[in-house]
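Participant: show me how the following folds:
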Amino acid sequence: MDILTYEEAKEIYEMMNDHLDNTDEDIMDLYNTMIGKAVRYAHIRAGWPSLSRQEKQEQDSFRTAAHDGFISLINGVARTEGEAGRQWRERLSQDRKRIGDFACYIALFEGISAR
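Facilitator: Here you go, the predicted structure:
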């Protein structure tokens with residue numbers, strides 16, 4: 001699969017947010033947990049190039065677990081949105097690199113909107 005561009009990530013992010021039921025406390029808890037997982041994974045990924053080979057070996061299972069946790073939660077958010085969620089989730093694809101890219105974009109979008 002190809003790289004996830006900023007524009008495509010922004011469109012998927014907006015589709016996800018447009019169909020989010022902000023009145024459902026359980027859905028919002030799921031969504032906010034997903035945001036937290038995205039930020040955690042993005043932090044790990046951003047620091048990855050500065051780690052030594054030994055540090056990468058020691059932390060690889062944590063990075064993978066953070067990535068898997070984000071994927072699980074994004075799938076949960078997509079399921080709560082029905083057909084609209086299926087559409088943006090399908091567009092994101094099952095490619096782990098694209099999903100990881102999306103986590104980084106979410107961290108960016110959320111960070112900028114929090115100022």
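
Participant: for Asn22, what are its contacts?
Facilitator: If you count contacts by Cβ atoms under 8 Å, 6 or more residues apart in numbering, Asn22 has them with Met28. From N, CA and C alone the C-beta is placed, and that goes for glycine too.

Participant: helix, strand, or coil at it?
Facilitator: Classification of Asn22 using DSSP: H, G, I helix; E, B strand; the rest coil returns coil.

Participant: list phi and psi for it.
Facilitator: Backbone torsions for Asn22, taken as degrees, to the nearest 10, come to phi -70, psi -10.

Participant: what helix or strand does the most centrally placed residue in the chain sit in?
Facilitator: Centroid-nearest residue in the chain, with Cα atoms, centre = their mean: Ala103, separated by 3.0 Å. Assigned by DSSP states H and E, Ala103 falls within helix 96-113.

Participant: need the per-residue pLDDT for the residue nearest to Trp88 when sequence neighbours are not counted.
Facilitator: The shortest distance from Trp88 to any non-neighbouring residue, by Cβ to Cβ, 6 or more residues apart in numbering, is to Met15 (4.1 Å). Turning to Met15, the model gives it a pLDDT of 96.

Participant: now do Met1
Facilitator: pLDDT, Met1: 62.

Participant: pretty sure Arg45 contacts Phe102?
Facilitator: No. Between Arg45 and Phe102 there is no contact under Cβ atoms under 8 Å: 11.5 Å.

Participant: more neighbours, these two?
Facilitator: Using other Cβ atoms under 10 Å, the more surrounded residue of Arg45 and Phe102 is Phe102, with 25 against 17.

Participant: give me the pLDDT value at the more buried one.
Facilitator: Reported pLDDT for Phe102: 98.

Participant: Thr23 versus that one, what's the distance?
Facilitator: As judged by Cβ to Cβ, to the nearest Å, Phe102 and Thr23 stand 25 Å apart.

Participant: right, and the helix or strand after the strand or helix carrying Asn17?
Facilitator: Assigned by DSSP H and E, Asn17 belongs to helix 6-18. The first helix or strand that comes after helix 6-18 along the chain, using DSSP H and E, is helix 25-47.
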